[in-house]
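A.B. asks: Next comes the sequence, and after it the predicted model I'd like to discuss.
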Amino acid sequence: MKSIYTTLFFLAITFSENQVFAQLIDPPCEIPGATLCDNIDAYVSGEAIGPQATWWSTWSGSEGGGEDGLVTSDYAYSGSNSMQISEGGSNDVILKLGDMSEGFFRLEWMMYVPDGKTGYYNIQETEVPGVAWNLELLFGLSAVGVPSSSGEGTISIPFGSGDFTYPVDAWFKVEQLIDLDANTIDVIVDGVDVASFAYAGNIGGIDFYSIDANCRYYIDDVLFTDVVTEVVNVTYQVDVTNYLAEGGVIGAGGMRVGGNFADLGSALPNWTPSDPACAMTDIGDNIWEITVEYPLGSAGLTQEYKYVNTDWFPTGENEYDDGATSLFGDLGCGGDNREVTVPLSDATYLYCWEECSACEDVSICDPVPPTDLYVDEINAFGGMIHWTIAPGTPVTKGTIWELSTGDFRKFTLYDANSYHTPGELLPSTTYGVRVKSGCLEGEVWTPSEFTDWYYFTTDPLRVGQFAQQIMLYPNPNNGNFRLQLNGSANFETSVEVFNMAGQLMSSQLIHSDDAVITLDIQMGNPAPGSYIVKVVSEENITMLPVIIE
């Protein structure tokens, strides 16, 4: 499990040496694709969590009192803080998630339940609590008010229920994969898929509730993000030039494929060429094609299939009729059926009808993978990826793999040999990167194989090392103010301004040989309120509050 990094800073007002009052912070999330990520470390320990971020509230809406969750340093999965839900049934904390009604999301957090204690949460239909709940999990309980053995829990949903186990006196991950388009949910506790149900609701919020007098648990590293599924696209092409020359006629249904596609995770049905999803497209020059999408986990499996004219023989005609001499076995591309190993990267296979090679008069692209892949200029948030493309392969596609989570990021570039990842990656994290290039003929892109993985580790995050060397004035202001940066000579420095919802309001990238840099920030006419200025130079990051009046 990776540590979820939010930008760490405190916005507090100190009235005396021993008197600190927590203020609204809303630390921005820097994980690409994430709607919300919160490791609780930006908040004041010992204070209620609700007044410190807009996404934390309570069932009643009254924040800061006994109903609210407590920020504590007693336990933490990462950093120094977590949120505590205590005994007695008083805590009733709502995590607002935006009333999502469509999309595919991963919702996860780390959880700690002491031995002998209970825990509870549910997913609310809306951010306004009490409308409906779509899922509830009980820890140390077999039902509300019915204790079970410590380390045993139960899950309940309007469409099903089930039991699960979890470790006590230890941190474990709770995950929900919720597909609001397909109306499904998978619940994973401590790495075990404990339930897969239909899910007809929305995602409004989470209710972390103190379920009974024995309830106590801790929450850390909350993440709510879009799910990006890594897939492989295989394009199957058939050249029917020789087939037509020998008297063949393409039927009304056109060329199609039939194979064990569904067995390998594709949306195409098994061995049903008459299905509309199995229809190929005539792309000209007597070549028909269809692109099939597989999950990356199917790479290495054997795809069996045939090319089919309209439908199976005798309704239509297909390559190699059962009962005849094995054609594909003789030619070395399978037995009764064609056999292709699903590759790790996108690929195109072109064959002639009833042959195991491309027709002699067909010219196909034969791209060569890029060479000299490496990464330099590495800092806490990324680096510069370099490669050399072969002549005639102007399109490059790359994949960045976060090893600790299995998450992927992709990029596509035209006629380029480098890619910069400013602000996209996490500090102290190991990544792999690989690229492939391809030929572009009209609208058809034929890719090479991927390069081998190149591994690198980002630098550690060092927070606020030059905070005392930055001056911001005037503050408060009307949206126009000045920054003076001392000691940033010969460094590329980015300056960004965020509102308290995490939206980027202003961004500048500067580079100067001067030891002192003066930068005027002009935001136009922003709404009055609190904003955050983020200054990044090398691996150093500093946050400064600014008030717009």
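C.D. replies: That came through, no problem. The model shown is predicted, which means the values in this text are computed figures rather than measured ones.
A.B. asks: least trustworthy helix or strand in this structure by mean pLDDT?
C.D. replies: The helix or strand of the chain with the poorest confidence is strand 12-16; it has a mean of 31 (mean pLDDT, DSSP states H and E).
A.B. asks: Phi first, then psi, for the residue nearest to Ala262 when sequence neighbours are not counted.
C.D. replies: Once flanking residues are discounted, Ala262 sits nearest to Asn270: 4.6 Å by Cβ to Cβ, 6 or more residues apart in numbering. (Glycine included, C-beta is placed from N, CA and C.) Phi and psi for Asn270, reported as degrees, to the nearest 10, are phi -70, psi 130.
A.B. asks: thinking Asn270 is in contact with Val257, fair?
C.D. replies: No: judged on Cβ atoms under 8 Å, Asn270 makes no contact with Val257 at a distance of 11.4 Å.
A.B. asks: which of these two has more neighbours?
C.D. replies: More neighbours surround Val257 than the other of Asn270 and Val257, with 27 against 14 (other Cβ atoms under 10 Å).
A.B. asks: Show the contacting residues for that one.
C.D. replies: Tyr236, Leu268, Pro273, Cys278, Met280, Ile290, Val292, Tyr305, Lys306, Tyr307, Val308 (Cβ atoms under 8 Å, 6 or more residues apart in numbering).
A.B. asks: Nearest to Pro460 among the residues you listed?
C.D. replies: Taking Cβ to Cβ as the measure, Val292 is the one of the contacts of Val257 closest to Pro460, at 43.0 Å.
A.B. asks: ok, what's across the strand from the closest one?
C.D. replies: Assessed by DSSP bridges, Val292 has beta-bridge partners Val234.
A.B. asks: any weak-confidence spans in the stretch 251-400 of the chain?
C.D. replies: Applying pLDDT under 70 to the stretch 251-400 of the chain flags residues 321-335, 358-366.
A.B. asks: could you pull out the strands for it?
C.D. replies: 255-259, 281-284, 287-295, 302-309, 317-318, 338-341, 347-352, 371-379, 382-388, 395-402 (DSSP state E, counting those that start in this stretch).
A.B. asks: Domains in this protein, by residue range?
C.D. replies: Domain ranges of the chain: 12-225, 231-352, 371-457, 462-548, per automatic domain parsing.
A.B. asks: The last one: how far from the chain's middle?
C.D. replies: Yep, that's domain 462-548 we're talking about. 29 Å (Cα atoms, centre = their mean, to the nearest Å).
A.B. asks: Quickly run through the sheet partners of the lengthiest strand in the chain, with directions.
C.D. replies: In the chain, assigned by DSSP state E, the strand with the most residues is strand 430-441. Using DSSP bridges, strand 430-441 pairs in its sheet with strand 395-402 (antiparallel), strand 444-447 (antiparallel), strand 454-457 (antiparallel).
A.B. asks: can these go into TSV with extra columns for mean neighbour count?
C.D. replies: Listed next are the strands paired with strand 430-441 as TSV, based on neighbours: other Cβ atoms under 10 Å:
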stretch	mean neighbour count
strand 395-402	20
strand 444-447	19
strand 454-457	15
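A.B. asks: Those into JSON lines, with extra columns for distance to His386?
C.D. replies: Shown next, in JSON lines, are the strands paired with strand 430-441 (distance: least, Cβ to Cβ, whole Å):
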{"stretch": "strand 395-402", "distance to His386": "11"}
{"stretch": "strand 444-447", "distance to His386": "19"}
{"stretch": "strand 454-457", "distance to His386": "10"}
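A.B. asks: rewinding a little: which among the strands of the stretch 251-400 of the chain is found nearest to Leu107?
C.D. replies: When the strands of the stretch 251-400 of the chain are compared by Cβ to Cβ, strand 395-402 sits nearest Leu107, at 18.4 Å.
A.B. asks: contacting residues around the closest one?
C.D. replies: 2, 230, 346, 370, 385, 387, 389, 407-414, 416-417, 419, 421, 424-426, 429-438, 440, 445, 447, 450, 453.
A.B. asks: so it versus strand 371-379, what angle?
C.D. replies: 50 degrees (axes from the mean of the first three to the mean of the last three Cα atoms, to 10 degrees).
A.B. asks: what's the angle between strand 395-402 and strand 382-388?
C.D. replies: Orientation of strand 395-402 against strand 382-388 (the same axes, to 10 degrees) gives an angle of 140 degrees.
A.B. asks: what's the residue nearest to Pro129 when sequence neighbours are not counted in contact with, if anything?
C.D. replies: Counting by Cβ to Cβ, 6+ apart, Trp59 is the residue found nearest to Pro129 once chain neighbours are left out, at 5.0 Å. Neighbouring residues of Trp59 by Cβ under 8 Å, 6+ apart: Glu67, Asp92, Val93, Ile94, Pro129, Gly130, Asp207, Tyr209.
A.B. asks: same check, this time on Gly300
C.D. replies: Thr341, Val342, Leu344 are the contacts of Gly300 under Cβ under 8 Å, 6+ apart.
A.B. asks: and the contacts of Val257 as JSON lines, adding distance to Asp459 and neighbour count?
C.D. replies: Formatted as JSON lines, the contacts of Val257 follow (distance: Cβ to Cβ, whole Å; neighbours: other Cβ atoms under 10 Å):
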{"residue": "Tyr236", "distance to Asp459": "45", "neighbour count": "22"}
{"residue": "Leu268", "distance to Asp459": "45", "neighbour count": "22"}
{"residue": "Pro273", "distance to Asp459": "54", "neighbour count": "27"}
{"residue": "Cys278", "distance to Asp459": "50", "neighbour count": "23"}
{"residue": "Met280", "distance to Asp459": "50", "neighbour count": "20"}
{"residue": "Ile290", "distance to Asp459": "46", "neighbour count": "19"}
{"residue": "Val292", "distance to Asp459": "41", "neighbour count": "21"}
{"residue": "Tyr305", "distance to Asp459": "48", "neighbour count": "22"}
{"residue": "Lys306", "distance to Asp459": "53", "neighbour count": "22"}
{"residue": "Tyr307", "distance to Asp459": "52", "neighbour count": "28"}
{"residue": "Val308", "distance to Asp459": "55", "neighbour count": "26"}
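A.B. asks: and which of those is nearest Ala299?
C.D. replies: Nearest to Ala299 among the contacts of Val257, with distances taken as Cβ to Cβ, is Val292, at 13.1 Å.
A.B. asks: residue contacts, the closest residue to Asp38 other than its chain neighbours?
C.D. replies: Leaving aside its chain neighbours, Asp38 sits nearest to Val222 (4.6 Å; criterion: Cβ to Cβ, 6+ apart). Shown in contact with Val222 (Cβ under 8 Å, 6+ apart): Ile4, Leu36, Cys37, Asp38, Asn39, Ile40, Leu95, Glu108, Trp109.
A.B. asks: what about Val222, distance to Glu304?
C.D. replies: Here the criterion is Cβ to Cβ, to the nearest Å. By it, Val222 lies 45 Å from Glu304.
A.B. asks: How about Asn81?
C.D. replies: From Asn81 to Glu304 the distance is 54 Å (Cβ to Cβ).
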